[in-house]
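Chemist: below are the sequence and a predicted model for it; my questions follow.
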There are 2 protein chains.
Amino acid sequence: MSNITLYGYWRSSAAYRVRIALNLKGLEYQQKSVHLVKNGGEQHASDFKSLNPSQLVPVLVDGDMQLNQSLAIADYLDEAYPTVLLTPLDRQRRYLVKALAQDIAVDIHPLNNLRVLQYLTGELSVEESDKSNWYRHWITLGFEALEQKLARTKGIYCVGNEVSLVDVCLVPQVYNAERFNVDLSRFPVIRELTASLRELPAFIDAAPENQPDAVLS
Amino acid sequence: MSNITLYGYWRSSAAYRVRIALNLKGLEYQQKSVHLVKNGGEQHASDFKSLNPSQLVPVLVDGDMQLNQSLAIADYLDEAYPTVLLTPLDRQRRYLVKALAQDIAVDIHPLNNLRVLQYLTGELSVEESDKSNWYRHWITLGFEALEQKLARTKGIYCVGNEVSLVDVCLVPQVYNAERFNVDLSRFPVIRELTASLRELPAFIDAAPENQPDAVLS
């Protein structure tokens, strides 16, 4: 019986990464949904703030480990549950994987987080159309570099023929891109890799629409 | 004779982190300055783009390793040069350090990067004063959470009495905060830790104003 609890939200792409990671490792886990919009955002409630003062999901609890930040969680899971590794043992490949994952998780994703979009349309009175352009701009810029890098590193998956942390970060980022109608026609490598990854049960089971807290209109 | 080359810029806080890390480990390195503003930004020149298509500093070259992303570089340095460790061996502490470092490097810093500020005042026609408020907002929000977390984890330094990756990320972020006149009076823990860290030679030597490419007015 697993002792792992994931505090997340169906549409949070950082939580989506952790779900994929847990699934790839075949780990059972409980999900606790933190609704990022309802009641002004449950991540701001005192219960959740005591778990993570940063008021952001995901948080993973595993026995006496309590951890935020999806990439730190992925590293922890690799150490605690190494049967399937998200970061390869070979040194060249390992740091290639880490850097590519961060190209997504550091350079693209934080700019399009919910709180950032709320600040744009709130404090800065940015129009909805300009907000969407902002969203698309950072994904497109990041994908232009990523497309070139992945063209060199790819096998069946982003880095060779084993699923890695790059794949774990890529699929949620493509999900966001599609949500905001980013033109992906210029990124054939990214599209091809994503199509392969989306056939894997670990990715299917982690998809936002397959979560218990999903609200599909 | 060291074989390490760091492509950076005096004011880039991600490069600043890597300089601190290299200094803490006592590693000699060559610096190549990539001027982020001159000629529309040297990071966009074809020479640098072939090194990192993401057109962002830092990039570290060490023999046959060529690596972008400051946190990936820090992990690499810990593996290749483990005499001084940025992430502690104890598991609880290690993931605490990783998550806190990412609270800065993922949740705060990417929102205030040069290209983001340029997009705000360019494409979105945001006023200079609103740009400064944006800058301060993300640091203040991040520091509010960090102040609470560090109050629990600190010794002389951010996590206990050994310098770690959290310290490596904190000092450059405080440098940015001061540059944009963020009110730090509400963050006594952060101020106290920063004051201790700034006494260490590794941090002094890595400071922006002490770099060969610094332009001080």
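Modeler: That came through, no problem.
Chemist: which stretches of chain A form strands?
Modeler: Assigned by DSSP state E, chain A shows strands spanning A:4-8, A:30-33, A:59-62, A:65-68.
Chemist: buried sites along the longest helix anywhere in chain A?
Modeler: In chain A, with assignment by DSSP state H, the single longest helix is helix A:128-153. The neighbour-count criterion (16 or more other C-beta atoms under 10 Å in any protein chain shown) identifies A:130-131, A:133-143, A:145-147, A:149-150, A:153 as the buried residues of helix A:128-153. All C-beta atoms are positioned from the backbone trio N, CA, C, and that covers glycine.
Chemist: and chain B, which of the strands of chain A is closest to it?
Modeler: For chain B, the closest of those is strand A:65-68, at 5.3 Å, according to C-beta to the nearest C-beta.
Chemist: is chain B contacted by that closest one?
Modeler: Yes - Strand A:65-68 comes into contact with chain B (C-beta under 8 Å from any C-beta of the partner chain), by way of A:65, A:67-68.
Chemist: what is that strand packed up against?
Modeler: strand A:59-62, helix A:70-80, helix B:91-105 (3 or more C-beta pairs under 8 Å, 6 or more residues apart in numbering or on different chains; DSSP states H and E).
Chemist: mean pLDDT and mean neighbour count added to the ones you listed, as CSV?
Modeler: Converted to CSV, those look like this (pLDDT from 0 to 100; neighbours: other C-beta atoms under 10 Å in any protein chain shown):
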stretch, mean pLDDT, mean neighbour count
strand A:59-62, 98, 22
helix A:70-80, 98, 22
helix B:91-105, 97, 23
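Chemist: export those as JSON lines, with columns for distance to residue B:190.
Modeler: Formatted as JSON lines, the helices and strands packed on strand A:65-68 follow (distance: least, C-beta to C-beta, whole Å):
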{"stretch": "strand A:59-62", "distance to residue B:190": "22"}
{"stretch": "helix A:70-80", "distance to residue B:190": "20"}
{"stretch": "helix B:91-105", "distance to residue B:190": "11"}
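Chemist: looking at these, which is nearest to residue B:73?
Modeler: Of all these, it is helix B:91-105 that lies closest to residue B:73, at 11.4 Å by C-beta to C-beta.
Chemist: centre of the chain to the closest one, how far?
Modeler: 14 Å (C-alpha atoms, centre = their mean, to the nearest Å).
Chemist: before we move on, what about stretch A:26-38?
Modeler: With C-alpha atoms, centre = their mean, you get 14 Å for stretch A:26-38.
Chemist: ok, residues contacting it?
Modeler: Outside stretch A:26-38, the residues within contact range by C-beta atoms under 8 Å, 6 or more residues apart in numbering or on different chains are A:1-2, A:4-12, A:19, A:22, A:41-43, A:48, A:57, A:77, A:81, A:83-84, A:114, A:211-213.
Chemist: which residue packs closest to residue A:150, ignoring adjacent ones?
Modeler: residue A:189 (4.9 Å; C-beta to C-beta, 6 or more residues apart in numbering or on different chains).
Chemist: tell me, how many residues neighbour that neighbour?
Modeler: 18 (other C-beta atoms under 10 Å in any protein chain shown).
Chemist: for it, give its distance to residue A:207.
Modeler: Distance, residue A:189 to residue A:207, using C-beta to C-beta, to the nearest Å: 21 Å.
Chemist: can I get the CA coordinates of the helix or strand of chain A with the lowest mean pLDDT in CSV?
Modeler: When the helices and strands of chain A are compared on mean pLDDT, DSSP states H and E, helix A:46-51 comes out lowest with a mean of 92. Written as CSV, here are the backbone C-alpha positions of helix A:46-51 (Å, rounded to 0.1, in the frame of the first residue of the first chain):
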residue,chain,number,x,y,z
SER,A,46,-4.5,28.3,5.3
ASP,A,47,-4.5,24.5,5.1
PHE,A,48,-2.6,24.5,1.9
LYS,A,49,-0.4,27.4,2.9
SER,A,50,0.9,25.5,5.9
LEU,A,51,1.9,22.7,3.4
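Chemist: wait, residue A:18 sits on residue A:70?
Modeler: Yes - assessed by C-beta atoms under 8 Å, residue A:18 is found in contact with residue A:70 at 5.4 Å.
Chemist: shared neighbours, the two?
Modeler: residue A:58.
Chemist: list the contacts for the residue lying farthest from the centre of chain A?
Modeler: The centre of chain A is farthest from one residue, residue A:125, which by C-alpha atoms, centre = their mean lies 27.9 Å away. Shown in contact with residue A:125 (C-beta under 8 Å, 6+ apart): no residues.
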